[in-house]
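**Student:** Generate a structure from the sequence data that follows.
(2 chains)
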Amino acid sequence: AQSVTQLGSHVSVSEGALVLLRCNYSSSVPPYLFWYVQYPNQGLQLLLKYTSAATLVKGINGFEAEFKKSETSFHLTKPSAHMSDAAEYFCAVSTDKLIFGTGTRLQVFP
Amino acid sequence: DTGVSQNPRHKITKRGQNVTFRCDPISEHNRLYWYRQTLGQGPEFLTYFQNEAQLEKSRLLSDRFSAERPKGSFSTLEIQRTEQGDSAMYLCASSHRDRSRTEAFFGQGTRLTVV
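**Tutor:** A predicted model of the protein is given here:
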């Protein structure tokens, strides 16, 4: 069975600081991996996805993630946090449906 | 806008009442998914359709829950005899079968509060 684990339910950074949100996956087949963002009382918006092409994936809003098979990781990063990045972030793995992690709430302080 | 549309956005109901939610997927998408999200948790898979066929149901989908997609277009999710534990955000997503592993588009969700 495929699954993802997000390490850290809350992450706090200062505006302008590096954002690092951690995701590890478990999969018996080559995985397709995703990061979604959710703002309060909203649906999920796709940030980026890995589908077995380039291991470094660039997404919207300056986010990127690197697929590391040896570490079974797909961590999300952004060099410089902005106040508008404050939201809930979900890592997911795809089979015939998306399986989500429990989420990481990102807080950005001025 | 041709995105996934969910109605209503919010629903407050009394315990024991029945509720029904609607999801209109992106028009050319033949797969439709329902998820439930409780506070502080990630979305949990409930069920999905390919066209009008319901291909998989999670064990989370108790007998009080039923989903339909009668003509392979919009879908409804009904909860009978609601309980307080049913309070959650219900999310719908759609994708094209040939790209179902690589993309899914979500609606804004229906937030259910059972009082």
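**Student:** Provide the count of other residues in contact range of the residue of chain B found nearest chain A.
**Tutor:** Going by C-beta to the nearest C-beta, chain A is nearest to residue B:42 of chain B, at 3.6 Å. Any C-beta I mention is one placed from the backbone N, CA and C, and that applies to glycine too. Neighbour count of residue B:42, defined by other C-beta atoms under 10 Å in any protein chain shown: 23.
**Student:** Distance of it relative to residue B:82?
**Tutor:** Counting by C-beta to C-beta, to the nearest Å, the gap between residue B:42 and residue B:82 amounts to 23 Å.
**Student:** just residue B:8 next, same as before
**Tutor:** The gap separating residue B:8 from residue B:82 is 15 Å, by C-beta to C-beta.
**Student:** Compare those two (neighbour count), which wins?
**Tutor:** residue B:82 (21 against 13).
**Student:** Does that one lie in a helix or a strand, and which?
**Tutor:** Under DSSP states H and E, no helix or strand contains residue B:82.
**Student:** excluding its backbone neighbours, what's nearest it?
**Tutor:** Leaving aside its sequence neighbours, residue B:82 sits nearest to residue B:114 (C-beta to C-beta, 6 or more residues apart in numbering or on different chains; 4.7 Å).
**Student:** got a list of what that neighbour touches?
**Tutor:** B:13, B:14, B:15, B:82, B:83, B:84, B:85, B:86, B:87 (C-beta atoms under 8 Å, 6 or more residues apart in numbering or on different chains).
**Student:** which non-adjacent residue is nearest the third one?
**Tutor:** When you say that, I think you mean residue B:15. residue B:114 (5.5 Å).
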